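A.B. asks: Prediction below, plus the sequence it came from.
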Amino acid sequence: MLGTTKTRAGCLPARMTKSLGGHGPRPQGSLAQKGGQARPSLSLQRLARSLSAASRRAVAMAAEANGSDGTFDYDFFCIGAGSGGVRGSRFAASYGAKTAVCELPFATKASLTTGGVGGTCVLRGCVPKKLLVYGSEYAKEFEDCNGFGWEKFDRPQHSWESLIESKNNEINRLTGIYKRILANNEVDLIEGRGKILDKNTVEVDGKAYRCRYIMIATGGLPFVPNIPGKDLVITSDDALDLPKMPKKIAIVGAGFIAVEFAGIFNSFGSDVKLFFRGDKILRGFDEEVRDFLTEQIEEKGIKVTPKTVPVEVIEGEDGKKGVVTSAGGDVEWFDEVMYATGRAPNVEGLGLENAGVETVGNGVIKVDDYSRTNVDTIFAVGDVTDRINLTPVALMEGMAVAKTLFNDTPTKPDHEFVASAVFSQPPVGTVGYTEDEALEKFGKLKIFTSSFRPLKNTISGSTERSFMKIIVDSASDRVVGVHMVGEDSAEIMQGIAIAVKMGATKADFDATVGIHPTAAEEFVTMRDVTREAVKELTPAA
Ligand SMILES: Cc1cc2nc3c(=O)[nH]c(=O)nc-3n(C[C@H](O)[C@H](O)[C@H](O)COP(=O)(O)OP(=O)(O)OC[C@H]3O[C@@H](n4cnc5c(N)ncnc54)[C@H](O)[C@@H]3O)c2cc1C
């Protein structure tokens, strides 16, 4: 099982449509670089079409001089048109490589036979999830507004069906945009299931394509442990497309997906109970963040039950699902039982064995720093490599492969100081090391923390609080970790991440003038050290 506790960052629909609509860098007038099957760059192709036959012959000759021998159908063939696949393909094509990507037919729920251009993030991950978060957050606004004079404000009725319809319209629009991005960049989209036949051949629904390079970007699928009643449970794919809002839902898992869906259903008025094996939610996050968020979500009525997982799920006569947490124990009934217990790499039937591509664990594809597998012509990016399972990371990895292969710029994706967010309610924003990781790495730290009631809540009546934490390496004064739980933390953390990535010191934070009145200004006004932490040295054995 892959840990969903790996951190992630948000991808807002508006930002995506804007940033992904553009074209990648295109070397003007250049040909596909040596090493790729020569195809004139797109600008040259357009030029050639407008020229005489003689000029067209010259373009073809130039292409040949760059290595075209007709051996390959494509320079670059990507399996999977999700975040990593679309980004890698369009950049490869923009550098002049003849490129194709194959993708399964569209469906809201992913399977071995269904998927859709755009992949998990766009169709059943970041985007639809965030739309549901936005929708659910209005409930809090309706409650909070009374304190601001909106008296006798009746809480309006919510239509789950209408929200799901709007969400589905939006993801249909987005999958169309992604198809256009591929077409505009002259990437051939081949609908069907890709299977590797050998180190240079991919078969899609019976047709074989010879490829100079192959990139695997097949992502992951939800993983549900093998318990009796497994068939009765839903996953995040189903939760984003339920025909009816469940009045009472059990969510099994404590990673970001579990916590985000707990927030969504709780805000829409469901009775939500979280079941998980560990002792706290959000494994891998800073301990204080985990504790603070637990308090906040419990305050909102989410029931948090650590060290408790279903041993069986049973079906009641009324269609309800019963959760049994110990053999012969009591049954608790729910409208839905959602499993968010990790995601597994989507490699079944991919033909990895035909080329000898090595995997570890439950199918994670092993890659080097350049995302190359043990087979020299095959690369892999995104969740299928289980590095940091986030959309922006898959984008970075896909783009780096394209640059390495077709832009003469060997590029390693940089996985250090990747900021991320959990769109819980309140949300979490984080960049850099947790306190435990930082202590292990740097040995001596200064920790600055602040917990406060945001200005808005002084009269809204909401009991929601915010928490901020800065972790500083005592030796260098460098800020090595910043964490926040509270409204807008995802948005705030993106800016902080630039400073942290650039190596900002605590003195740099202190020298920054705040924006008043905001919660974010607290990050530049935390002057007093909350505590110093020193790594205990274990005596040599
Ligand atoms: C509920 C949920 C919420 C998330 N929220 C966030 C978030 O807020 N922020 C964030 O950064 N990340 C988030 N993520 C993670 C993010 O979606 C992934 O990290 C990202 O989509 C990984 O991109 P990828 O290219 O590796 O794979 P994917 O986007 O999963 O794309 C893989 C594609 O390959 C296709 N495919 C698979 N096998 C084949 C085959 N044999 N032939 C052809 N096509 C194939 C699939 O159909 C799919 O379209 C979330 C994930 C989930 C599940």
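C.D. replies: Alright, I've got the coordinates. A quick note: this is a predicted structure, and the numbers were derived from the prediction, not measured. Numbering: from 1, shown residues only.
A.B. asks: neighbours of the closest residue to the ligand within the stretch 401-541 of the chain, just the number please.
C.D. replies: Among all residues of the stretch 401-541 of the chain, F423 sits closest to the ligand, at 6.1 Å; criterion: CB to the nearest ligand atom. Backbone N, C-alpha and C define where each C-beta goes, glycine included. F423 sits with 25 neighbouring residues when counted by other CB atoms under 10 Å.
A.B. asks: show me the contacts for it.
C.D. replies: Contact analysis of F423 by CB atoms under 8 Å, 6 or more residues apart in numbering lists G10, K129, K130, V133, E260, G263, A490.
A.B. asks: got CSV for these, with neighbour count and distance to the ligand too?
C.D. replies: Shown next, in CSV, are those (neighbours: other CB atoms under 10 Å; distance: CB to the nearest ligand atom, whole Å):
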residue, neighbour count, distance to the ligand
G10, 24, 5
K129, 22, 5
K130, 19, 6
V133, 19, 9
E260, 25, 7
G263, 26, 13
A490, 21, 9
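A.B. asks: Please list the residues outside stretch 322-341 that contact it.
C.D. replies: Contact with stretch 322-341 is made by 1, 4, 222-225, 232-236, 238-239, 242, 244, 246-253, 255, 257-258, 261, 273, 275, 308-316, 320-321, as judged by CB under 8 Å, 6+ apart.
A.B. asks: Just the buried ones from these?
C.D. replies: 4, 222-224, 232-236, 238-239, 242, 246, 248-253, 255, 257-258, 261, 273, 275, 309-310, 312-313, 320-321 (16 or more other CB atoms under 10 Å).
A.B. asks: buried ones in stretch 162-175?
C.D. replies: The neighbour-count criterion (16+ other CB under 10 Å) identifies L163, I164, K167, E170, I171, L174, T175 as the buried residues of stretch 162-175.
A.B. asks: Now flag whichever of the residues you listed is closest to the ligand.
C.D. replies: T175 (9.7 Å).
A.B. asks: Is it correct that the closest one falls within a strand?
C.D. replies: No - residue assignment for T175, taken from DSSP: H, G, I helix; E, B strand; the rest coil, gives helix, which places it outside any strand.
A.B. asks: Contact residues of the stretch 51-200 of the chain facing the ligand?
C.D. replies: For the stretch 51-200 of the chain, the residues in contact with the ligand under the definition CB under 6 Å from any ligand atom are 79-85, 102-104, 110, 115-116, 119-121, 125-126, 129, 193-194.
A.B. asks: one more time with 8 Å, if that's ok
C.D. replies: Selection of the stretch 51-200 of the chain residues close to the ligand by CB under 8 Å from any ligand atom yields 79-86, 102-104, 110, 112, 114-126, 128-130, 192-195.
A.B. asks: Buried ones among those residues?
C.D. replies: Buried residues within these, counting neighbours by 16+ other CB under 10 Å: 79-86, 102-104, 110, 115-126, 128-130, 193-195.
A.B. asks: Let's see which of these end up in helices.
C.D. replies: If you go by DSSP state H, these have 83-86, 119-124, 126, 128-130 in helices.
A.B. asks: of all those residues, which comes closest to T404?
C.D. replies: G84 (13.9 Å; CB to CB).
A.B. asks: Model confidence for the closest one, exactly?
C.D. replies: Looking at G84, its pLDDT is 98.
A.B. asks: Find the centremost residue of this protein, please.
C.D. replies: Nearest to the mean C-alpha position of the chain, by CA atoms, centre = their mean, lies L390 at 2.9 Å.
A.B. asks: Can you pick out the most distant pair from the contacts of F423?
C.D. replies: G10 and G263 (13.9 Å).
A.B. asks: The ligand next: which of the contacts of stretch 322-341 are close?
C.D. replies: Checked against the ligand using CB under 8 Å from any ligand atom, the contacts of stretch 322-341 give the following subset in range: T4, P222, S236, I257, F261.
A.B. asks: out of the residues you listed, who's nearest S371?
C.D. replies: Distance from S371 was checked for each of these by CB to CB. The minimum falls on T4, at 21.6 Å.
A.B. asks: Return the nearest residue of the stretch 301-450 of the chain with respect to the ligand.
C.D. replies: Minimum separation of the stretch 301-450 of the chain from the ligand (CB to the nearest ligand atom) falls at G382, amounting to 2.0 Å.
A.B. asks: circling back to that earlier point, quick check, nearest of the ones next to the ligand among the contacts of stretch 322-341 to E437?
C.D. replies: Set against E437, the nearest of those by CB to CB is T4 (18.5 Å).
A.B. asks: Per-residue pLDDT of that closest one, please?
C.D. replies: Spelled out, the predicted local distance difference test score at T4 is 32.
A.B. asks: circling back: now intersect the buried residues of stretch 162-175 with the helices, please.
C.D. replies: L163, I164, K167, E170, I171, L174, T175.
A.B. asks: Output those in JSON lines, with pLDDT appended to each entry.
C.D. replies: As requested, those are arranged in JSON lines below (pLDDT from 0 to 100):
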{"residue": "L163", "pLDDT": "98"}
{"residue": "I164", "pLDDT": "97"}
{"residue": "K167", "pLDDT": "97"}
{"residue": "E170", "pLDDT": "97"}
{"residue": "I171", "pLDDT": "96"}
{"residue": "L174", "pLDDT": "97"}
{"residue": "T175", "pLDDT": "97"}
